[in-house]
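Chemist: Dropping the sequence and predicted coords here.
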Amino acid sequence: MNTHEKKVTIEFNHLMIFAKNKQESASFLTEILGLPAPKPAAFFLSVDFSNNVTFQYAEPGVDFIMQHYAFLVAESDFDEILNRITEKGLEYWADPQQKRPGEYNLNHGGRGLYFYDPSGHGMEVITRPYGSDEIKG
C-alpha cells in the first residue's frame, strides 16, 4: 500500500429484506438458524447476526423478485440447522438447480445446502466460504 493512501475501513451493516409477511419470514429465519427472535425496529422486524449485520424485514406491498442469501455457519451449527429443516419437513437441495433433493453438498471443503423461505427467497447454508479449498499462493 502506498504510504500516501488512506486505509478505508468499511463494514456491511444492514439490509432490507422484502417479505410477504415479515413476522413469518423473520421468525422462520431465526428458528432455522437458531438465532434470537426478531425484534421490532420502526416498521421493520430486525434479525441480528453475530457479525453485527442486521436483516430488516419489511412488507413493501408490491411484488418483488426472489433474492439469494448465503450464511456461513460452523460445522456443528450446520448439523443443527439441517435437523431443524428436516423436522419442519422443508425441501432442501445440494445444488441451486434442485437436481439433488434431500442432500447437501461437499463444496469448497465443507458442506452446503439450499432451501426457500416463506417469501420465496433462496437461502443457502455453507460451512466453508466459496474458494476456500483452493490453494492460495
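Modeler: Yep, that arrived.

Chemist: Excluding chain neighbours, what is closest to residue 131?
Modeler: residue 108 (6.6 Å; Cβ to Cβ, 6 or more residues apart in numbering). All C-beta spots, glycine's among them, are computed from the backbone N, C-alpha and C.

Chemist: What's the separation between that neighbour and residue 132?
Modeler: Residue 108 sits 5 Å away from residue 132, going by Cβ to Cβ, to the nearest Å.

Chemist: which stretches of this structure form strands?
Modeler: For the chain, the strands defined by DSSP state E occupy 14-18, 39-41, 44-48, 54-58, 68-72, 112-116, 122-126.

Chemist: Including mean neighbour count, distance to residue 80 and mean pLDDT, could those strands go into CSV?
Modeler: Below are those laid out as CSV (neighbours: other Cβ atoms under 10 Å; distance: least, Cβ to Cβ, whole Å; pLDDT from 0 to 100):
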stretch, mean neighbour count, distance to residue 80, mean pLDDT
strand 14-18, 16, 22, 97
strand 39-41, 12, 22, 97
strand 44-48, 20, 17, 98
strand 54-58, 20, 20, 98
strand 68-72, 14, 13, 98
strand 112-116, 20, 13, 98
strand 122-126, 19, 10, 98
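
Chemist: Verify the stated contact: residue 85 with residue 117.
Modeler: No. Taking contacts as Cβ atoms under 8 Å, residue 85 lies outside contact range of residue 117: 11.4 Å.

Chemist: of the two, who's got more company?
Modeler: residue 117 (21 against 18; other Cβ atoms under 10 Å).

Chemist: For the chain, which segments are assigned as helices?
Modeler: Secondary structure of the chain (DSSP state H): helices at 22-33, 75-87.

Chemist: So for the longest one, mean pLDDT?
Modeler: Average pLDDT, helix 75-87: 98.

Chemist: How about the shortest one?
Modeler: Rounded to a whole number, the mean pLDDT of helix 22-33 is 98.

Chemist: List the buried residues of that helix.
Modeler: Buried residues in helix 22-33, counted by 16 or more other Cβ atoms under 10 Å: 22, 25, 26, 27, 28, 29, 30, 32, 33.

Chemist: okay, the angle between that helix and strand 54-58?
Modeler: Comparing the axes of helix 22-33 and strand 54-58 via axes from the mean of the first three to the mean of the last three Cα atoms, to 10 degrees yields an angle of 150 degrees.
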